[in-house]
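Undergrad: Turn this into a model:
(chains A, B, C and D)
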Number of protein chains: 2
Amino acid sequence: MTRETKSARDRILETAHDLFYRDGVRATGVDRLIAEAGVTKVTFYRHFPSKDDLIRAFLEHRHERWMRWFEAALARHAEGQSEAERRQEPLAPLVLALADWFAQPSYRGCAFINSVAEIGDALPDVAKIASRHKGALTKAILSLLPDDAPDRMVVAYAARLAADGAIVGAQAENRESDEIIAALRLVSRALTSARSEPLGGRSRD
Amino acid sequence: MTRETKSARDRILETAHDLFYRDGVRATGVDRLIAEAGVTKVTFYRHFPSKDDLIRAFLEHRHERWMRWFEAALARHAEGQSEAERRQEPLAPLVLALADWFAQPSYRGCAFINSVAEIGDALPDVAKIASRHKGALTKAILSLLPDDAPDRMVVAYAARLAADGAIVGAQAENRESDEIIAALRLVSRALTSARSEPLGGRSRD
DNA sequence: GGCGACGTAGACAGATCTGTCTACGTCGTC
DNA sequence: GACGACGTAGACAGATCTGTCTACGTCGCC
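TA: Residues are numbered from 1 along each chain as shown, chains lettered A, B, ... in the order given. Got it, this is the predicted structure:
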């Protein structure tokens, strides 16, 4: 077993990653975590003085891990695009990467959105980490857009909103998410289709 | 006080509405609920045999109440539009209504998204109710689009995704949400701007 | 060889959770 | 005037929660 060869800290963190993501950070008790990780209470509390510390470490860990996966998925799907496709539909890799994610059996939404919903104001760090995570996500989306794209920054931000909407949508409707992917594709195309005048013009209020 | 004049059941449900939304359904215990509502345990459990029953009732109640508010807000903002504006920017009322919501001090995201995140698979009814709620939201957005709008159904669905993304975004970044509103406006314009060929064309996979 | 980091086992404390229980009082309605 | 629905007060059970405690063992390193 590779699991036993790892350090106790890694085992705890990995178990937390699985259980926190699957069942939620609030629903998962430390007793359960300890039993599943195969450590004792003293060992657990020596590494993570409180459960809140573990929650923070979990979110940081999840951030690293998910971003790595996500950026690799974007790159993989971008590789399959021709230069013309990349010009015409630069956000297609985003749609395809999310579709891959949603199709995973263990999919249960975004750990950061879920944690914010669970913890609320009880642990303000959670919102901060979630906010940073969403910033990194926006940046990854931004990198798909050509350097000369109009309204580059806002378009990336807008695409992230649609992505987040798709993420929570795919979580609630746990059945097939074809409709969601189709709608997400529509947004990504609408946001990057050539247009004669800027969309972001003055607002009416 | 109007509160004491209402029936015990109404008081419980209203207190649940406040506390469940503010602190989350899992974080709020029945003892707290009972104390705040000013009833006793027997009364509480006579009306709601289990906390799960109350959670279901809360979500149904929240759905009614929020949809009523939301549709009124849409109508109010649509009223301020000229016929030309309504043609050119039919989703503007959606953006403005959400901006109103985000600005409320008690804003803490979508009760349905939050509940799904909190409960997970432990109470499957929650996902069902949330799914129904999101369907109603899509329908309300659909009603903003002119009858002859192209891809009417998918556009409404896509706008809902962006709306949900804005909702969770405004929750995590609890500071001002101007960026979010600007991005949401961009999506709503992009989705309804006139275009020569359909956006929803064949996909590449 | 001594010290500190890391590991094990499991009892325990104190709070909080959901839900049940007895016992009593007050209405409106048939 | 009996009955059922609704209300009050608060003790209690049993589970589960986070976190602390004593006591012992092992390893690497200075």
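
Undergrad: The residue minimising distance to the centre of chain A - nearest residue in space that isn't next to it in sequence?
TA: For chain A, the residue sitting closest to the mean C-alpha position, by CA atoms, centre = their mean, is A:Cys110 at 5.1 Å. Leaving aside its chain neighbours, A:Cys110 sits nearest to A:Ile167 (4.9 Å; criterion: CB to CB, 6 or more residues apart in numbering or on different chains). C-beta coordinates here come from the backbone N, C-alpha and C atoms, glycine included.

Undergrad: C-alpha coordinates for the helix or strand where the one you found lies, CSV please?
TA: Using DSSP states H and E, A:Ile167 sits in helix A:152-172. The C-alpha trace of helix A:152-172 is given here as CSV (Å, rounded to 0.1, in the frame of the first residue of the first chain):
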residue,chain,number,x,y,z
ARG,A,152,-10.0,40.7,-22.5
MET,A,153,-10.2,41.1,-18.7
VAL,A,154,-14.0,41.5,-18.4
VAL,A,155,-14.6,38.7,-20.9
ALA,A,156,-12.5,36.3,-18.8
TYR,A,157,-14.4,37.4,-15.7
ALA,A,158,-17.7,36.9,-17.4
ALA,A,159,-16.7,33.5,-18.6
ARG,A,160,-15.8,32.6,-15.0
LEU,A,161,-19.2,33.6,-13.9
ALA,A,162,-20.7,31.2,-16.4
ALA,A,163,-18.3,28.5,-15.4
ASP,A,164,-19.3,28.9,-11.8
GLY,A,165,-22.9,28.8,-12.7
ALA,A,166,-22.3,25.6,-14.6
ILE,A,167,-20.4,24.1,-11.7
VAL,A,168,-23.2,24.6,-9.2
GLY,A,169,-25.8,23.6,-11.8
ALA,A,170,-24.0,20.3,-12.5
GLN,A,171,-23.9,19.7,-8.8
ALA,A,172,-27.7,20.1,-8.2
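
Undergrad: What is the burial count for the residue of chain A at minimum distance from DNA strand D?
TA: Nearest residue of chain A to DNA strand D (CB to the nearest atom of the strand) works out as A:Gly29 at 2.9 Å. Here the number of neighbours of A:Gly29 (other CB atoms under 10 Å in any protein chain shown) works out to 12.

Undergrad: Which residues does stretch A:28-47 contact?
TA: Residues from elsewhere that reach stretch A:28-47 (CB atoms under 8 Å, 6 or more residues apart in numbering or on different chains): A:3-4, A:8-9, A:11-12, A:14-16, A:18-20, A:51, A:54.

Undergrad: Out of those residues, which one has the lowest pLDDT?
TA: pLDDT across these is lowest for A:Arg3, at 42.

Undergrad: Which among the contacts of stretch A:28-47 count as buried?
TA: A:9, A:11-12, A:14-16, A:19-20, A:51, A:54 (16 or more other CB atoms under 10 Å in any protein chain shown).

Undergrad: wait, which of these is closest to DNA strand C?
TA: A:Arg9 (5.7 Å).

Undergrad: Now the closest one: closest residue in space that isn't a chain neighbour?
TA: Closest to A:Arg9 by CB to CB, 6+ apart is A:His47, at 4.8 Å.

Undergrad: coming back round to it: if you count neighbours, what's buried in the helix holding A:Ile167?
TA: Going by neighbour count (16+ other CB under 10 Å), the buried part of helix A:152-172 is A:154-172.

Undergrad: Now cross-check the residues you listed against DNA strand D and list the overlap.
TA: Checking the buried residues of helix A:152-172 against DNA strand D by CB under 7 Å from any atom of the strand, not one of them is in range.

Undergrad: What distance do you get for A:Ala166 to B:Lys134?
TA: Distance, A:Ala166 to B:Lys134, using CB to CB, to the nearest Å: 12 Å.

Undergrad: err, A:Leu59, not the other one
TA: A:Leu59 is 26 Å from B:Lys134, by CB to CB.

Undergrad: again, but for A:Leu96
TA: 23 Å.

Undergrad: circling back to that earlier point, who are the neighbours in contact with the residue nearest to the centre of chain A?
TA: Counted by CB under 8 Å, 6+ apart, A:Cys110 has contacts A:164, A:167-168, A:171.

Undergrad: Which pair in the residues you listed has the greatest spatial separation?
TA: A:Asp164 and A:Gln171 (10.9 Å; CB to CB).

Undergrad: ok, back up a step: looks like the residue nearest to A:Cys110 contacts A:Ala111 (just checking).
TA: No - applying CB atoms under 8 Å, one finds A:Ile167 not in contact with A:Ala111, separated by 10.4 Å.

Undergrad: On the C-terminal side of the helix or strand harbouring A:Arg9, identify the next helix or strand.
TA: Assigned by DSSP H and E, A:Arg9 belongs to helix A:8-23. Next along the chain after helix A:8-23, taking DSSP H and E as the criterion, comes helix A:30-37.

Undergrad: quick one: buried residues of that next one?
TA: Neighbour-count burial for helix A:30-37 [16+ other CB under 10 Å]: A:30, A:33-34, A:36-37.

Undergrad: so the closest residue to A:Phe48 other than its chain neighbours, which of the three states?
TA: Leaving aside its sequence neighbours, A:Phe48 sits nearest to A:Leu54 (CB to CB, 6+ apart; 4.2 Å). Here A:Leu54 is helix, with the state taken from DSSP: H, G, I helix; E, B strand; the rest coil.

Undergrad: and the gap between A:Leu54 and A:Asp23?
TA: Taken as CB to CB, the span from A:Leu54 to A:Asp23 is 14 Å.

Undergrad: cool, A:Leu74 as well?
TA: 29 Å.

Undergrad: the more surrounded of these two?
TA: Each of A:Leu74 and A:Asp23 has its neighbours counted (other CB under 10 Å); A:Leu74 has more, 19 against 16.
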